[in-house]
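K.L.:
Give me the fold of what follows.
(one chain, ligands or ions: 1)
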Amino acid sequence: MAGVYISYPFCAQKCTYCNFASGVLPLDLEKRYLEALKLELRGTDWPWVPETVYLGGGTPSRIDPADLAEILAVIPGKPWAEATIEAAPGGISPELAQAWRNAGISRVSLGVQSFVTRELARTGRKHTAEIVAAEIEVLRAGGLDNFNIDLIAGLPGQTEASWNASLDWVERLEPPHLSVYMLEVDADSRLGAEILAFGKRYGASDVPSDDAIAGFYEIAVERLAASGVRRYEISNFARPALESRHNLKYWRREPYFGFGSDAHSFDGATRWQNVESAAEYVGCLEQHGSPVAACTATDPAETFFLGLRLEEGIEADWSSYQEGVERFQQEGLLEIKGSRLRLTPRGVLLSNEVFAHFV
Ligand code: SF4
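P.N.:
I've put the predicted structure just below:
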């Protein structure tokens, strides 16, 4: 079963921790990008009917509802089993929720990151916990009760008490799905670059230690499990049967087509990727060229580093990796349950070490 991913790299602000190819871009480019997206979608020969659609970014909730409806109308298979739009809290009205539903959207992923105003303000996000709570009510009243909340463990100034305060809000709001990401530190975000340079801007000197962040993650796992929200992937938690059907395709290596700048595609054997820059992408489509920048055959080790992210693990022939599997079993990072190989709870915390070995 295949999926469709649409990338929309435009945002109202550039958050300090963000290392995606997204941000504040010219309005004129945003209009041309929408037309380029429509061109790319209309020029596609569909070898299958998609089961899921996912609009990510960036901030696709900025897309004008008429444009969104036009874009989704090009994709076969409506109503899809799941169609998600990522949204920045702060602009969701009953009218917008209705327009999303009319266009075929059935799930909303909210970029909350924290419910603590002080933490949000330091990252550049404008919303508050109260705004998130009110907008979740709007979504539920509009029939969009399948939603996700994103949280980040490791924001500047975060403490165990403030992390628990965010989790208190999660318990009150009872989301069907939650994603918990640990802060990524690399030179592609302003905060990451400042941390690597041992600077103080963006609260870099107030970022919790790695041990503290791992502790926050473990607290989340325990509290969510106690409230019936089960971890099914390293960063993703859901109530029964409410896992993200689209994102499961990435870890189960099912096919998907990506549209827009920096979007990736996979047909079961080959992966390809569009150009990263939105301006370059628009230029390619306006000149009736291909936006594809790179094409690669898949690596057999993918089965390990994608499938092992899932709580269910993998059911594959791992005989050519026997030595590594045995070593990690002895170290208590991998375990075999029936015919499946999976990470232990400790292995989840040290998963990068396991994946690095197989890659
Ligand atoms: S975190 Fe989301 S809203 Fe913030 S800049 Fe990155 S993509 Fe845009």
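
K.L.:
Do a quick rundown of the strands in the stretch 151-300 of the chain.
P.N.:
177-182, 230-233, 236-238, 256-259, 264-266, 270-274, 292-297 (DSSP state E, counting those that start in this stretch).

K.L.:
TSV for these, including mean neighbour count and distance to S162?
P.N.:
C-betas here are computed from N, CA, C, even on glycine. Shown next, in TSV, are the strands of the stretch 151-300 of the chain (neighbours: other CB atoms under 10 Å; distance: least, CB to CB, whole Å):
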stretch	mean neighbour count	distance to S162
strand 177-182	20	15
strand 230-233	18	22
strand 236-238	23	20
strand 256-259	23	36
strand 264-266	18	34
strand 270-274	17	37
strand 292-297	11	41
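
K.L.:
and of the ones you listed, who's closest to the ligand?
P.N.:
With CB to the nearest ligand atom as the measure, strand 177-182 is the member of the strands of the stretch 151-300 of the chain nearest the ligand (10.4 Å).

K.L.:
Tabulate the strands of the stretch 151-300 of the chain in a markdown table, adding columns for mean pLDDT and distance to the ligand.
P.N.:
Formatted as a markdown table, the strands of the stretch 151-300 of the chain follow (pLDDT from 0 to 100; distance: least, CB to the nearest ligand atom, whole Å):
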| stretch | mean pLDDT | distance to the ligand |
| --- | --- | --- |
| strand 177-182 | 97 | 10 |
| strand 230-233 | 97 | 20 |
| strand 236-238 | 98 | 17 |
| strand 256-259 | 98 | 16 |
| strand 264-266 | 96 | 16 |
| strand 270-274 | 95 | 17 |
| strand 292-297 | 90 | 20 |
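
K.L.:
can you put those strands in TSV and add distance to T159?
P.N.:
Supplementary listing: the strands of the stretch 151-300 of the chain in TSV, determined by distance: least, CB to CB, whole Å:
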stretch	distance to T159
strand 177-182	16
strand 230-233	23
strand 236-238	22
strand 256-259	38
strand 264-266	36
strand 270-274	39
strand 292-297	42
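
K.L.:
Ok, which of these comes nearest L341?
P.N.:
With CB to CB, the closest approach to L341 among the strands of the stretch 151-300 of the chain belongs to strand 230-233: 15.5 Å.

K.L.:
contacting residues around the closest one?
P.N.:
By CB atoms under 8 Å, 6 or more residues apart in numbering, the residues outside strand 230-233 that reach it are 221, 224-225, 237-240, 243, 247-248, 251, 309-312, 348.
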